[in-house]
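> Let me see the structure of the following:
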Amino acid sequence: MKTAIVHPSIPAVPVQPANDDAQVAAELDEVGRRAAAGDRKAIRLGARLLAEARAALGSRFKHEAEDVVQDFFVALLERQSRFLPAQGRAIQWMCGLVRARARNARGDRKREWGIDEP
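Have a look, this model is predicted:
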């Protein structure tokens, strides 16, 4: 059983599912601290989610990508979506949710701006 992700200068982060919102928030804070400290794995997670959002939004709406990723993390904190290990790898699950949110955002912008493209 995996119990932690270890970084030499930062405390370990549990890999097990969170029991409550405070624990989820603390774990996301830890990932943020690790990214700010230069942890390349933590930085790549955000970059990968941002790239997924930009790809799904397309060039016309790529400026919306940061909002899409932020909305995704807020949804996690609000427990709108939960990851179960039976769903496969967490990063694939996260990317799928970000892509879905990005497609929804793209559709919303098209409707708001009256764009009729295939």
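> quick one, strands of the chain?
Ranges of strands within the chain are 4-7, 10-14, based on DSSP state E.
> pLDDT averaged over the shortest one - what is it?
The reference is to strand 4-7. The average pLDDT within strand 4-7 is 44.
> My read is that residue 95 contacts residue 53, right?
No: in this structure, residue 95 is not within contact of residue 53 by C-beta atoms under 8 Å, at 9.3 Å. All C-beta spots, glycine's among them, are computed from the backbone N, C-alpha and C.
> Tell me which of those two has more neighbours.
Using other C-beta atoms under 10 Å, the more surrounded residue of residue 95 and residue 53 is residue 53, with 28 against 19.
> if I pick that one, what's in contact with it?
Contacts of residue 53 were listed using C-beta atoms under 8 Å, 6 or more residues apart in numbering, and they are 64-66, 68-69, 98-99, 101-102.
> Look up how far residue 82 lies from it.
Using C-beta to C-beta, to the nearest Å, residue 53 is found at 21 Å from residue 82.
> For the longest helix belonging to the chain, name the packing helices and strands.
Determined from DSSP state H, the single longest helix within the chain is helix 90-113. Applying 3 or more C-beta pairs under 8 Å, 6 or more residues apart in numbering; DSSP states H and E, we find helix 90-113 packed against helix 40-57, helix 65-77.
> out of the ones you listed, which comes closest to residue 110?
helix 40-57 (10.8 Å; C-beta to C-beta).
> quick one: that closest one to helix 90-113, angle?
Between helix 40-57 and helix 90-113, the angle comes out at 40 degrees (axes from the mean of the first three to the mean of the last three C-alpha atoms, to 10 degrees).
> Understood, closing this out.
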